[in-house]
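A.B. asks: Okay, here's the prediction I keep looking at, along with the sequence it came from:
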Amino acid sequence: MLVRRFSLAALAALCSTAYADPQATRDDIEIRRILSVSQGTIRIAKDPRDDALYILRQDGAIERIDLTAARRVPTYSHRDHGIS
């Protein structure tokens with residue numbers, strides 16, 4: 001019974017650290033929340049010409065992140081590329 005309680009406590013501690021806020025490990029790096037995206041969204045590209053970030057949602061939508069306005073700009077939908 002004691003082992004079971006310890007295991008559950010250890011599991012709970014691991015889960016809480018998995019969702020911890022990220023911390024910069026260097027002084028010249030700043031981490032800040034810009035906007036929230038839905039679960040399952042991934043970053044797919046950064047355009048080196050203008051540093052724009054592009055994300056892919058699970059429904060196939062590709063969006064550009066407007067960092068100055070902190071918003072997502074629809075770029076392509078699954079109808080444009082045929083993959084969803």
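C.D. replies: Arrived safely, thanks for sending. Keep in mind that this is a model prediction, so the values were computed, not measured.

A.B. asks: Assess the claim that His78 and Gly60 are in contact.
C.D. replies: Yes: using Cβ atoms under 8 Å, His78 is in contact with Gly60, at 3.1 Å. Every C-beta, even on glycine, is put in place using the N, C-alpha and C of the backbone.

A.B. asks: Quick check: neighbours shared by these two?
C.D. replies: Common contacts of His78 and Gly60 (Cβ atoms under 8 Å, 6 or more residues apart in numbering): Ser84.

A.B. asks: What ranges does this protein have for its helices?
C.D. replies: Assigned by DSSP state H, the helices in the chain fall at 2-18, 78-81.

A.B. asks: Contact partners for Gln58?
C.D. replies: 38, 40-41.

A.B. asks: again, only this time at 7 Å
C.D. replies: Counting by Cβ atoms under 7 Å, 6 or more residues apart in numbering, Gln58 makes contact with Gly40.

A.B. asks: Any regions of this structure where pLDDT drops low?
C.D. replies: Within the chain, the set of residues satisfying pLDDT under 70 comprises 1-20.

A.B. asks: what ranges do the strands span in this protein?
C.D. replies: Remark: strands assigned in the chain by DSSP state E are 42-47, 52-56, 62-66, 71-76.
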